[in-house]
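> Pasted the sequence and its predicted model underneath.
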Amino acid sequence: MKVLILGAGGREHALAWAVKKSERVTEVVCAPGNGGIAQIARCLPVNVNDLDSMVALVVAEQPELIVVGPEVLLSLGIVDVLTERGFRAFGPTKGAAMLEASKGFAKRFLQRHQIPTAAYALCTNVEEARTEVENFHAPMVVKVDGLAAGKGVLICQSRDEALHGVEGLFSGDLLGEPATQVVIEEFLEGEEISFLCLSDGKHVAPLAPAQDHKRIGEGDTGANTGGMGVYSTDALLDESMTEWILRHIAEPAVRGMADEETPFKGVLYCGLMMTARGPQVLEFNVRFGDPETQAILLRLESDLVEAMEACIDGRLCDAALCWTPGASACVIASSEGYPGKYEIGFPITGLDAAGRVPGVEIFHSGTVLKDGQIVTGGGRVLAVSAAGDTLQQALERAYQAVGEVGFQGMYFRRDIGHRALKKQ
């Protein structure tokens, strides 16, 4: 069968790598792809944010399965359009994608279905925010309502700082476009966990848990990014906690979406804070995480294509996911200046040597093939990922591989997994 993957990042590279392993798959196509994906799949140029162009490409290619990577396409309703045309697309509908497309929608949904989350206020202008901010103790969190590629979250140490952030979001100074709604939230303390599940609209099947590192600086300091590294190990969640999260968060969310006539099929990403009062939902995403996917799929033994088709067909209860014991880790090599302004087009060296490190897979996040040379093409450039018997081994392998590659201005965090290593 031919599988078409829509997207251009490290997540899509990992998906292409995993899909290609299925015995049923004869061809993998990616649109638009990147320099790394082009080494394992046929890549087609297309504007990933243009729904009409994407649909036209699907019609031309006639794939038997379409896997949608980016949240923007899901929020535009590409799954609805493709399904109406008779294609099999993995991902939620436009209505179900509102869980990520609007934080205000998600917070109201969580409240309606009594799913644990932080206290919040939804504001449509600065004056409302001035009133609401008085109801929160510092520190507090300010979030833009819509999609912001992981960069629309501000942790504010005072009410004045929160109001300054609100003003910047509504004016467009912070993200380039004016916000229409802003969420003010209670600040939650604890460790963050990325808990991803497959769903067929009725049932859920958890993927291996992971912990992302969103801040640019070591020690979890500096600006928020799309993620600078991640690790996955069974020790993150024991069996009883996994069952609690399924029973009180993931299953109620899927059941609630079905009750509201927007059944959720695809990947439900539950961003959780493990607080003293139990797991609390920080956010929902409606697609595979990045860089969580790179680490998680390294541990997946099952056929990913079979699992995706089970979600589409509503028979996930019959599908069993098998995982390699041990651990995996991913270290992001980024361009100098990310998540702010950065330059691209720098040649990348050492990729072959890095790929020869045992247990390592190099997933390309932002690269371009230019005149036969892989060059940088984004803020996050490489997702250097490794599996191991232990987290220590997985991290050692990943950092050994990172040491083999280089490009002008390359930056990476040297403390991925630091919380878990301190507990050992």
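Cool, got the structure. Residues are numbered from 1 along each chain as shown.

> Where does pLDDT dip in the stretch 1-150 of the chain?
Along the stretch 1-150 of the chain, the parts satisfying pLDDT under 70 run over 148-150.

> which other residues reach the helix or strand Glu243 falls within?
Using DSSP states H and E, Glu243 falls within helix 239-245. Here helix 239-245 makes contact (C-beta atoms under 8 Å, 6 or more residues apart in numbering) with 195, 206, 209, 237, 270, 272, 278-279. To be clear about C-beta, it is placed using only N, CA and C from the backbone, and glycine gets the same treatment.

> switch to 7 Å and redo it
Residues from elsewhere that reach helix 239-245, judged by C-beta atoms under 7 Å, 6 or more residues apart in numbering: 195, 206, 272, 279.

> same question, stretch 14-30
Stretch 14-30 has contacts (C-beta under 7 Å, 6+ apart) with 1-5, 12, 37, 40-44, 61, 63, 67, 69, 288, 293-294, 297, 300, 303-305, 361, 363.

> out of these, which are buried?
For the contacts of stretch 14-30, a burial check counting by 16 or more other C-beta atoms under 10 Å picks out 3-5, 12, 37, 41, 43, 61, 63, 67, 69, 288, 293-294, 297, 300, 303-305, 361, 363.

> Correct me if wrong: Ala210 contacts Ser194.
Yes - counting by C-beta atoms under 7 Å, Ala210 touches Ser194, with 4.5 Å between them.

> The stretch 151-300 of the chain: helices as residue ranges?
159-171, 239-245, 251-259, 292-298 (DSSP state H, counting those that start in this stretch).

> I'd like the ones you listed as TSV, with mean pLDDT appended.
As requested, the helices of the stretch 151-300 of the chain are exported to TSV (pLDDT from 0 to 100):
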stretch	mean pLDDT
helix 159-171	90
helix 239-245	97
helix 251-259	98
helix 292-298	98
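
> out of those, nearest to Asp50?
helix 292-298 (23.6 Å; C-beta to C-beta).

> which secondary structure elements does the closest one contact?
If you count contacts as 3 or more C-beta pairs under 7 Å, 6 or more residues apart in numbering; DSSP states H and E, helix 292-298 packs onto helix 10-20, strand 191-200, strand 229-233, strand 327-334, strand 380-388.

> Looking at the last one now, give me its mean pLDDT.
Read that as strand 380-388. Across strand 380-388, pLDDT averages out at 98.

> Using CSV, write out the CA atom coordinates for that strand.
This file holds the C-alpha atoms of strand 380-388, laid out as CSV (Å, rounded to 0.1, in the frame of the first residue of the first chain):
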residue,chain,number,x,y,z
ARG,A,380,15.1,23.0,15.1
VAL,A,381,17.4,21.2,12.7
LEU,A,382,18.1,17.7,13.9
ALA,A,383,16.4,15.3,16.3
VAL,A,384,19.2,13.0,17.4
SER,A,385,17.4,10.0,18.9
ALA,A,386,18.6,6.8,20.6
ALA,A,387,17.3,3.7,22.3
GLY,A,388,19.0,1.8,25.1
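
> Run through the neighbouring helices and strands of it.
If you count contacts as 3+ C-beta pairs under 7 Å, 6+ apart, strand 380-388 packs onto helix 292-298, strand 327-334, strand 360-364, helix 391-404.

> Run through who's touching it.
With C-beta under 7 Å, 6+ apart, strand 380-388 has contacts from 10, 226, 291, 294-295, 298-299, 324, 326-335, 338, 354, 359-367, 394, 397-398, 401-402, 405, 407.

> wait, Phe264 sits on Gly256?
No - checked against C-beta under 7 Å, the pair Phe264 and Gly256 is beyond contact range at 9.0 Å.

> So for those two, which sits in the more crowded spot?
Phe264 (28 against 18; other C-beta atoms under 10 Å).

> confidence score at the more buried one?
98.

> likewise Tyr399?
98.

> repeat for Pro209
97.

> Find me whatever residue is spatially closest to it, sequence neighbours aside.
The shortest distance from Pro209 to any non-neighbouring residue, by C-beta to C-beta, 6 or more residues apart in numbering, is to Leu236 (4.3 Å).

> Neighbours of Arg419, how many?
14.

> Contact partners for it?
Counted by C-beta under 7 Å, 6+ apart, Arg419 has contacts Glu191.

> did I read that right, it in a helix?
Yes - according to DSSP: H, G, I helix; E, B strand; the rest coil, Arg419 belongs to a helix.

> Return the distance of it relative to Ala354.
Distance, Arg419 to Ala354, by C-beta to C-beta, to the nearest Å: 26 Å.

> again, but for Gly256
Distance from Gly256 to Ala354, by C-beta to C-beta: 44 Å.

> Please apply the same query to Val230.
On the measure of C-beta to C-beta, Val230 and Ala354 end up 18 Å apart.

> what about those two, which has more around it?
More crowded of Val230 and Ala354, by other C-beta under 10 Å: Val230, with 28 against 23.
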